[in-house]
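Colleague: take this sequence and fold it.
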Amino acid sequence: MKKIFLFSLAMLAMVSCSDDDSNANIAPIEAPSEGTVFGTAENPLNIGGPNEQNQVYVDLSGESTHEVFRGGWDLGFYSGDDFKVVINGSLAMAAKQLETTDITLPQEEDASVAVGTFQAENLNYVDNPNGSLDDTAFGTIAESEAEAKVYLVNLGYSVPTAAPEAGSVNAAGDPRGWRKVKVFKNDSGGYTLQYAKLSVTSYQEIVITKNPQYNHTFFSFTANDVVMVEPAKTEWDMNFTTFTNEVFDNGGASAGAYFYSDFIVTNTKAGVTAVAVAGDTAAYNGFTMETYTSGNYELSADQRAIGANWRSVIPVEVFDNVFFLLKDGAGNMYKIRFISMLDTDGVRGFPVFQYELL
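Modeller: Residues are numbered from 1 along each chain as shown. Model (predicted):
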(Lines give C-alpha, C1' and ligand atoms only; values in the text may rest on other atoms or scores of the structure.)
Protein backbone atom coordinates (compact mmCIF):
# COMPACT_ATOMS: atom_id res chain seq x y z
CA MET A 1 0.00 0.00 0.00
CA LYS A 2 1.39 3.37 -1.02
CA LYS A 3 0.76 6.17 1.46
CA ILE A 4 0.87 9.85 0.68
CA PHE A 5 0.63 12.32 3.54
CA LEU A 6 -0.14 15.96 2.85
CA PHE A 7 0.12 18.70 5.42
CA SER A 8 -1.04 22.27 4.89
CA LEU A 9 1.36 25.12 5.57
CA ALA A 10 0.33 27.57 8.23
CA MET A 11 -0.45 30.96 6.80
CA LEU A 12 1.21 33.86 8.66
CA ALA A 13 -0.32 37.32 8.43
CA MET A 14 2.01 40.20 9.21
CA VAL A 15 1.05 43.77 9.96
CA SER A 16 3.76 46.33 9.45
CA CYS A 17 3.86 49.30 11.81
CA SER A 18 6.31 52.18 12.10
CA ASP A 19 8.04 53.13 15.33
CA ASP A 20 5.58 55.97 15.95
CA ASP A 21 2.66 53.51 15.67
CA SER A 22 1.13 55.35 12.71
CA ASN A 23 -1.30 53.72 10.28
CA ALA A 24 0.68 54.76 7.23
CA ASN A 25 1.46 51.20 6.16
CA ILE A 26 -2.01 49.74 6.65
CA ALA A 27 -3.80 49.18 3.34
CA PRO A 28 -7.04 51.13 2.96
CA ILE A 29 -10.35 49.28 2.90
CA GLU A 30 -11.35 48.75 -0.71
CA ALA A 31 -14.83 49.84 -1.71
CA PRO A 32 -16.87 47.21 -3.60
CA SER A 33 -17.08 47.54 -7.36
CA GLU A 34 -19.91 49.73 -8.60
CA GLY A 35 -20.29 47.30 -11.51
CA THR A 36 -19.05 46.72 -15.03
CA VAL A 37 -19.56 44.48 -18.08
CA PHE A 38 -17.90 41.04 -18.18
CA GLY A 39 -17.28 39.11 -21.38
CA THR A 40 -15.58 42.01 -23.14
CA ALA A 41 -11.94 42.30 -24.17
CA GLU A 42 -11.35 44.44 -21.09
CA ASN A 43 -13.08 42.00 -18.72
CA PRO A 44 -13.05 38.57 -20.39
CA LEU A 45 -14.90 35.46 -19.26
CA ASN A 46 -12.74 32.61 -20.51
CA ILE A 47 -15.29 29.77 -20.44
CA GLY A 48 -13.39 28.21 -23.33
CA GLY A 49 -15.94 28.44 -26.13
CA PRO A 50 -18.22 25.54 -27.14
CA ASN A 51 -16.22 22.90 -25.21
CA GLU A 52 -16.71 24.98 -22.06
CA GLN A 53 -13.53 23.49 -20.62
CA ASN A 54 -13.15 26.10 -17.87
CA GLN A 55 -14.99 26.87 -14.71
CA VAL A 56 -14.89 30.64 -14.24
CA TYR A 57 -15.38 32.13 -10.78
CA VAL A 58 -16.54 35.75 -10.65
CA ASP A 59 -16.13 38.15 -7.73
CA LEU A 60 -18.52 41.04 -8.28
CA SER A 61 -17.29 43.28 -5.46
CA GLY A 62 -13.68 42.75 -6.52
CA GLU A 63 -14.51 43.00 -10.24
CA SER A 64 -12.35 39.95 -10.94
CA THR A 65 -12.47 36.44 -12.40
CA HIS A 66 -10.61 33.20 -11.75
CA GLU A 67 -10.59 30.37 -14.29
CA VAL A 68 -9.68 26.73 -13.76
CA PHE A 69 -9.76 23.67 -16.01
CA ARG A 70 -12.85 21.72 -14.96
CA GLY A 71 -11.17 18.38 -15.68
CA GLY A 72 -8.45 19.08 -13.13
CA TRP A 73 -10.23 17.82 -9.99
CA ASP A 74 -12.46 14.99 -8.82
CA LEU A 75 -13.41 15.33 -5.15
CA GLY A 76 -13.91 18.33 -2.88
CA PHE A 77 -13.50 17.98 0.90
CA TYR A 78 -15.51 20.50 2.89
CA SER A 79 -13.46 22.79 5.12
CA GLY A 80 -16.28 23.86 7.45
CA ASP A 81 -17.19 22.35 10.80
CA ASP A 82 -18.98 19.42 9.20
CA PHE A 83 -17.37 16.58 7.22
CA LYS A 84 -18.70 16.35 3.67
CA VAL A 85 -17.29 15.29 0.30
CA VAL A 86 -18.56 16.54 -3.07
CA ILE A 87 -17.96 15.12 -6.55
CA ASN A 88 -17.16 17.04 -9.73
CA GLY A 89 -20.57 17.63 -11.27
CA SER A 90 -18.97 19.59 -14.12
CA LEU A 91 -17.76 16.21 -15.42
CA ALA A 92 -21.02 14.32 -14.72
CA MET A 93 -19.45 12.22 -11.98
CA ALA A 94 -21.55 9.82 -9.89
CA ALA A 95 -20.92 7.68 -6.79
CA LYS A 96 -22.65 4.77 -5.05
CA GLN A 97 -22.06 3.34 -1.59
CA LEU A 98 -21.29 -0.38 -1.58
CA GLU A 99 -21.94 -2.79 1.29
CA THR A 100 -18.32 -3.68 1.89
CA THR A 101 -15.70 -1.85 3.96
CA ASP A 102 -12.85 -3.75 2.27
CA ILE A 103 -11.29 -1.58 -0.46
CA THR A 104 -8.93 -4.38 -1.52
CA LEU A 105 -11.83 -6.37 -3.00
CA PRO A 106 -12.13 -6.06 -6.80
CA GLN A 107 -15.28 -4.27 -8.00
CA GLU A 108 -17.18 -4.01 -11.28
CA GLU A 109 -18.69 -1.08 -13.13
CA ASP A 110 -22.38 -0.40 -12.64
CA ALA A 111 -24.15 1.26 -15.59
CA SER A 112 -26.89 2.64 -13.34
CA VAL A 113 -24.34 4.80 -11.48
CA ALA A 114 -24.33 7.51 -14.11
CA VAL A 115 -25.78 10.86 -15.12
CA GLY A 116 -28.29 11.03 -17.97
CA THR A 117 -29.94 7.63 -17.56
CA PHE A 118 -33.38 9.30 -17.37
CA GLN A 119 -34.11 7.35 -14.20
CA ALA A 120 -35.10 9.35 -11.12
CA GLU A 121 -33.06 6.95 -8.97
CA ASN A 122 -29.77 8.26 -10.33
CA LEU A 123 -30.23 11.39 -8.19
CA ASN A 124 -29.05 9.16 -5.32
CA TYR A 125 -25.64 8.98 -6.99
CA VAL A 126 -24.97 12.71 -7.37
CA ASP A 127 -24.76 15.68 -5.03
CA ASN A 128 -28.02 17.54 -4.52
CA PRO A 129 -28.09 20.11 -7.35
CA ASN A 130 -29.32 22.78 -4.94
CA GLY A 131 -25.88 22.79 -3.32
CA SER A 132 -26.95 21.52 0.09
CA LEU A 133 -24.26 19.53 1.86
CA ASP A 134 -26.95 17.59 3.71
CA ASP A 135 -27.59 15.49 0.61
CA THR A 136 -24.37 14.49 -1.13
CA ALA A 137 -23.52 11.29 -2.98
CA PHE A 138 -20.97 10.40 -0.27
CA GLY A 139 -23.42 11.17 2.53
CA THR A 140 -22.22 11.05 6.13
CA ILE A 141 -18.47 10.56 6.43
CA ALA A 142 -17.47 7.65 8.67
CA GLU A 143 -15.81 8.21 12.03
CA SER A 144 -13.16 5.55 11.42
CA GLU A 145 -11.52 3.37 8.78
CA ALA A 146 -13.29 0.29 10.14
CA GLU A 147 -16.72 1.91 9.70
CA ALA A 148 -16.11 3.47 6.28
CA LYS A 149 -17.91 1.83 3.37
CA VAL A 150 -16.36 1.59 -0.09
CA TYR A 151 -17.85 3.80 -2.82
CA LEU A 152 -18.03 2.97 -6.50
CA VAL A 153 -17.15 6.19 -8.33
CA ASN A 154 -17.94 6.90 -11.97
CA LEU A 155 -15.48 9.61 -13.06
CA GLY A 156 -17.85 10.94 -15.70
CA TYR A 157 -16.67 12.35 -19.01
CA SER A 158 -13.42 13.91 -20.16
CA VAL A 159 -13.32 17.45 -21.47
CA PRO A 160 -13.37 17.20 -25.30
CA THR A 161 -11.46 19.39 -27.74
CA ALA A 162 -13.35 18.83 -31.00
CA ALA A 163 -15.29 21.94 -32.05
CA PRO A 164 -19.00 21.47 -32.81
CA GLU A 165 -21.07 23.43 -35.31
CA ALA A 166 -21.66 27.08 -34.49
CA GLY A 167 -24.36 27.46 -31.86
CA SER A 168 -23.82 23.96 -30.43
CA VAL A 169 -21.69 22.70 -27.55
CA ASN A 170 -19.45 19.67 -27.17
CA ALA A 171 -18.91 19.42 -23.42
CA ALA A 172 -18.88 15.65 -22.76
CA GLY A 173 -16.01 13.60 -24.15
CA ASP A 174 -14.95 10.00 -23.59
CA PRO A 175 -15.69 8.19 -20.31
CA ARG A 176 -12.97 8.81 -17.73
CA GLY A 177 -13.26 5.45 -16.03
CA TRP A 178 -13.95 4.34 -12.45
CA ARG A 179 -12.42 4.29 -8.98
CA LYS A 180 -13.25 2.63 -5.68
CA VAL A 181 -12.95 4.99 -2.74
CA LYS A 182 -13.07 5.09 1.06
CA VAL A 183 -13.21 8.31 3.10
CA PHE A 184 -13.17 8.67 6.87
CA LYS A 185 -12.30 11.21 9.56
CA ASN A 186 -8.81 11.14 11.02
CA ASP A 187 -7.33 12.12 14.39
CA SER A 188 -5.92 15.38 13.02
CA GLY A 189 -9.38 16.79 12.31
CA GLY A 190 -9.24 16.20 8.56
CA TYR A 191 -10.02 13.40 6.15
CA THR A 192 -8.25 10.22 5.08
CA LEU A 193 -8.90 9.17 1.48
CA GLN A 194 -8.15 5.68 0.17
CA TYR A 195 -8.59 4.96 -3.53
CA ALA A 196 -7.75 2.48 -6.28
CA LYS A 197 -8.80 1.28 -9.71
CA LEU A 198 -11.59 -1.28 -9.57
CA SER A 199 -9.56 -4.41 -10.29
CA VAL A 200 -6.56 -3.55 -8.10
CA THR A 201 -6.22 -5.17 -4.65
CA SER A 202 -3.84 -2.54 -3.23
CA TYR A 203 -4.72 1.12 -2.71
CA GLN A 204 -3.26 4.57 -2.25
CA GLU A 205 -3.92 6.77 0.74
CA ILE A 206 -3.71 10.49 1.36
CA VAL A 207 -4.43 12.67 4.37
CA ILE A 208 -6.40 15.80 3.47
CA THR A 209 -6.34 18.81 5.76
CA LYS A 210 -9.12 21.38 6.05
CA ASN A 211 -8.35 24.97 5.11
CA PRO A 212 -10.99 27.29 6.59
CA GLN A 213 -10.18 30.05 4.09
CA TYR A 214 -11.75 27.91 1.34
CA ASN A 215 -15.07 26.10 0.96
CA HIS A 216 -13.28 22.88 -0.02
CA THR A 217 -9.90 21.25 -0.39
CA PHE A 218 -9.85 19.58 -3.82
CA PHE A 219 -8.24 16.31 -4.89
CA SER A 220 -7.38 14.90 -8.31
CA PHE A 221 -7.02 11.19 -9.07
CA THR A 222 -4.94 12.13 -12.11
CA ALA A 223 -2.48 14.20 -10.09
CA ASN A 224 -2.70 11.89 -7.06
CA ASP A 225 -2.63 15.06 -4.99
CA VAL A 226 -4.49 18.06 -3.68
CA VAL A 227 -5.04 20.75 -6.32
CA MET A 228 -6.13 24.39 -6.23
CA VAL A 229 -9.57 25.05 -7.74
CA GLU A 230 -11.83 27.66 -6.15
CA PRO A 231 -10.65 31.04 -4.95
CA ALA A 232 -10.93 31.75 -1.22
CA LYS A 233 -14.56 31.44 -0.15
CA THR A 234 -14.97 35.20 0.38
CA GLU A 235 -13.57 35.99 -3.08
CA TRP A 236 -16.19 34.65 -5.46
CA ASP A 237 -19.94 34.96 -5.99
CA MET A 238 -20.78 33.15 -9.26
CA ASN A 239 -19.30 30.17 -11.09
CA PHE A 240 -19.83 29.69 -14.84
CA THR A 241 -19.63 25.94 -15.37
CA THR A 242 -21.08 22.80 -16.87
CA PHE A 243 -23.31 21.21 -14.26
CA THR A 244 -25.18 18.12 -13.11
CA ASN A 245 -28.79 19.18 -12.54
CA GLU A 246 -32.15 17.48 -12.16
CA VAL A 247 -34.26 17.21 -15.33
CA PHE A 248 -38.00 16.65 -15.64
CA ASP A 249 -40.16 14.92 -18.27
CA ASN A 250 -43.04 16.56 -20.12
CA GLY A 251 -45.41 15.61 -17.34
CA GLY A 252 -43.30 17.28 -14.67
CA ALA A 253 -41.96 14.07 -13.14
CA SER A 254 -38.28 13.81 -12.32
CA ALA A 255 -36.14 12.12 -14.94
CA GLY A 256 -33.09 12.13 -12.69
CA ALA A 257 -29.70 13.75 -13.00
CA TYR A 258 -28.77 15.33 -16.34
CA PHE A 259 -25.74 17.21 -17.68
CA TYR A 260 -26.14 20.92 -18.45
CA SER A 261 -23.97 23.44 -20.28
CA ASP A 262 -24.01 27.24 -19.86
CA PHE A 263 -24.84 26.99 -16.16
CA ILE A 264 -24.19 29.42 -13.31
CA VAL A 265 -24.01 28.49 -9.64
CA THR A 266 -23.81 30.93 -6.74
CA ASN A 267 -21.51 30.64 -3.74
CA THR A 268 -24.20 29.72 -1.23
CA LYS A 269 -21.68 28.07 1.12
CA ALA A 270 -20.27 31.56 1.74
CA GLY A 271 -23.68 33.17 2.17
CA VAL A 272 -24.38 34.33 -1.40
CA THR A 273 -28.09 34.46 -2.28
CA ALA A 274 -29.90 35.44 -5.49
CA VAL A 275 -33.31 35.74 -7.11
CA ALA A 276 -34.70 36.15 -10.64
CA VAL A 277 -36.73 39.28 -11.40
CA ALA A 278 -39.17 39.48 -14.32
CA GLY A 279 -38.42 42.53 -16.42
CA ASP A 280 -36.82 43.83 -19.60
CA THR A 281 -33.82 46.13 -20.05
CA ALA A 282 -35.82 49.18 -19.08
CA ALA A 283 -36.92 47.47 -15.86
CA TYR A 284 -33.33 46.52 -15.13
CA ASN A 285 -32.11 50.07 -15.71
CA GLY A 286 -34.79 51.49 -13.45
CA PHE A 287 -34.36 48.97 -10.63
CA THR A 288 -32.93 50.55 -7.46
CA MET A 289 -32.44 49.61 -3.83
CA GLU A 290 -35.68 51.42 -3.13
CA THR A 291 -37.39 49.13 -5.66
CA TYR A 292 -36.00 46.13 -3.83
CA THR A 293 -36.92 47.24 -0.31
CA SER A 294 -40.44 48.21 -1.35
CA GLY A 295 -41.06 44.98 -3.27
CA ASN A 296 -41.51 41.32 -2.40
CA TYR A 297 -38.22 39.70 -3.45
CA GLU A 298 -37.14 36.52 -1.66
CA LEU A 299 -33.46 35.79 -2.12
CA SER A 300 -32.70 32.07 -2.49
CA ALA A 301 -29.96 29.94 -0.94
CA ASP A 302 -30.35 27.42 -3.79
CA GLN A 303 -27.11 27.61 -5.80
CA ARG A 304 -29.21 27.34 -8.99
CA ALA A 305 -31.01 30.65 -8.40
CA ILE A 306 -29.40 31.88 -11.63
CA GLY A 307 -28.58 28.41 -13.00
CA ALA A 308 -29.93 27.98 -16.53
CA ASN A 309 -32.64 30.60 -16.03
CA TRP A 310 -30.76 33.23 -18.03
CA ARG A 311 -30.71 31.42 -21.39
CA SER A 312 -32.40 29.04 -23.80
CA VAL A 313 -30.62 26.40 -25.89
CA ILE A 314 -33.56 25.71 -28.26
CA PRO A 315 -33.34 28.26 -29.75
CA VAL A 316 -29.96 29.50 -28.54
CA GLU A 317 -30.67 32.88 -26.97
CA VAL A 318 -30.42 34.93 -23.81
CA PHE A 319 -33.73 35.75 -22.16
CA ASP A 320 -34.50 39.47 -22.45
CA ASN A 321 -37.38 39.40 -19.96
CA VAL A 322 -35.50 38.51 -16.78
CA PHE A 323 -32.61 39.83 -14.73
CA PHE A 324 -31.21 38.83 -11.34
CA LEU A 325 -30.43 40.21 -7.92
CA LEU A 326 -27.43 38.85 -6.03
CA LYS A 327 -26.45 39.57 -2.46
CA ASP A 328 -22.85 38.64 -1.69
CA GLY A 329 -21.51 37.35 1.61
CA ALA A 330 -20.56 40.87 2.70
CA GLY A 331 -24.09 42.17 2.16
CA ASN A 332 -23.51 44.01 -1.13
CA MET A 333 -26.58 43.87 -3.38
CA TYR A 334 -26.14 43.72 -7.15
CA LYS A 335 -28.45 43.59 -10.13
CA ILE A 336 -27.26 41.43 -13.05
CA ARG A 337 -28.38 41.35 -16.68
CA PHE A 338 -27.18 38.85 -19.27
CA ILE A 339 -26.51 40.22 -22.74
CA SER A 340 -25.19 37.37 -24.90
CA MET A 341 -24.03 33.73 -24.93
CA LEU A 342 -22.54 33.75 -28.47
CA ASP A 343 -19.57 35.49 -30.01
CA THR A 344 -19.85 37.58 -33.19
CA ASP A 345 -19.53 34.38 -35.29
CA GLY A 346 -22.44 32.70 -33.49
CA VAL A 347 -20.17 30.37 -31.50
CA ARG A 348 -21.51 29.33 -28.12
CA GLY A 349 -19.64 29.58 -24.86
CA PHE A 350 -18.95 33.32 -24.82
CA PRO A 351 -21.28 34.85 -22.21
CA VAL A 352 -21.54 38.59 -21.66
CA PHE A 353 -23.26 40.17 -18.67
CA GLN A 354 -23.43 43.49 -16.89
CA TYR A 355 -23.98 44.23 -13.23
CA GLU A 356 -24.43 47.22 -10.97
CA LEU A 357 -24.22 47.80 -7.23
CA LEU A 358 -27.58 48.92 -5.81
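
Colleague: C-terminal to the lowest-mean-pLDDT helix or strand in the chain, what's the next element?
Modeller: Lowest on mean pLDDT, DSSP states H and E among the helices and strands of the chain sits strand 2-5, with a mean of 38. The helix or strand immediately downstream of strand 2-5 is strand 37-38, counting by DSSP states H and E.

Colleague: now that next one: average pLDDT?
Modeller: Averaging pLDDT along strand 37-38 gives 96.

Colleague: same for it, what does it pack against?
Modeller: On a contact count with 3 or more Cβ pairs under 8 Å, 6 or more residues apart in numbering; DSSP states H and E, strand 37-38 meets strand 348-357. Quick note: C-beta positions are derived from backbone N, CA and C, even for glycine.

Colleague: ok, and what's touching the strand it packs on?
Modeller: Residues outside strand 348-357 that contact it (Cβ atoms under 8 Å, 6 or more residues apart in numbering): 32-40, 45, 47-52, 60, 166-169, 240, 261-262, 310, 316, 326, 332-343.

Colleague: among the residues you listed, name the ones in strands.
Modeller: Among those, DSSP state E puts 37-38, 240, 261-262, 316, 326, 333-342 in strands.

Colleague: rewinding a little: PyMOL command for the buried members of the contacts of strand 348-357?
Modeller: Filtering the contacts of strand 348-357 down to the buried ones (16 or more other Cβ atoms under 10 Å) takes a single PyMOL command:
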select buried, resi 32+33+35+38+39+45+47+48+49+50+51+52+60+169+240+261+262+310+316+326+332+333+334+335+336+337+338+341+342+343
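
Colleague: my guess is L91 contacts Y157. True?
Modeller: Yes: L91 is within contact range of Y157, at 5.9 Å (criterion: Cβ atoms under 8 Å).

Colleague: residues touching T268, list them.
Modeller: Here T268 is in contact with 131, 301-303 (Cβ under 8 Å, 6+ apart).

Colleague: those residues into a markdown table, with extra columns for pLDDT, distance to A278 and neighbour count?
Modeller: What follows is the contacts of T268, written out as a markdown table (pLDDT from 0 to 100; distance: Cβ to Cβ, whole Å; neighbours: other Cβ atoms under 10 Å):
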| residue | pLDDT | distance to A278 | neighbour count |
| --- | --- | --- | --- |
| G131 | 97 | 24 | 18 |
| A301 | 98 | 21 | 15 |
| D302 | 98 | 18 | 18 |
| Q303 | 98 | 21 | 25 |
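
Colleague: okay if I get those residues as a markdown table plus distance to L123 and secondary structure?
Modeller: Below are these laid out as a markdown table (distance: Cβ to Cβ, whole Å; DSSP: H, G, I helix; E, B strand; the rest coil):
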| residue | distance to L123 | secondary structure |
| --- | --- | --- |
| G131 | 14 | coil |
| A301 | 19 | coil |
| D302 | 15 | coil |
| Q303 | 16 | coil |
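
Colleague: mind putting those residues into JSON lines with distance to I103?
Modeller: Listed next are those as JSON lines, based on distance: Cβ to Cβ, whole Å:
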{"residue": "G131", "distance to I103": "29"}
{"residue": "A301", "distance to I103": "36"}
{"residue": "D302", "distance to I103": "35"}
{"residue": "Q303", "distance to I103": "31"}
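
Colleague: contact partners for the residue lying closest to D102 once chain neighbours are set aside?
Modeller: In space, and not counting its chain neighbours, D102 is closest to V150: 7.0 Å by Cβ to Cβ, 6 or more residues apart in numbering. Shown in contact with V150 (Cβ under 8 Å, 6+ apart): 97-98, 100-103, 105, 107, 180-182.

Colleague: report the buried members of the residues you listed.
Modeller: 98, 101, 103, 107, 180-182.

Colleague: L193 - how many residues pack around it?
Modeller: For L193, the neighbour count with other Cβ atoms under 10 Å is 24.
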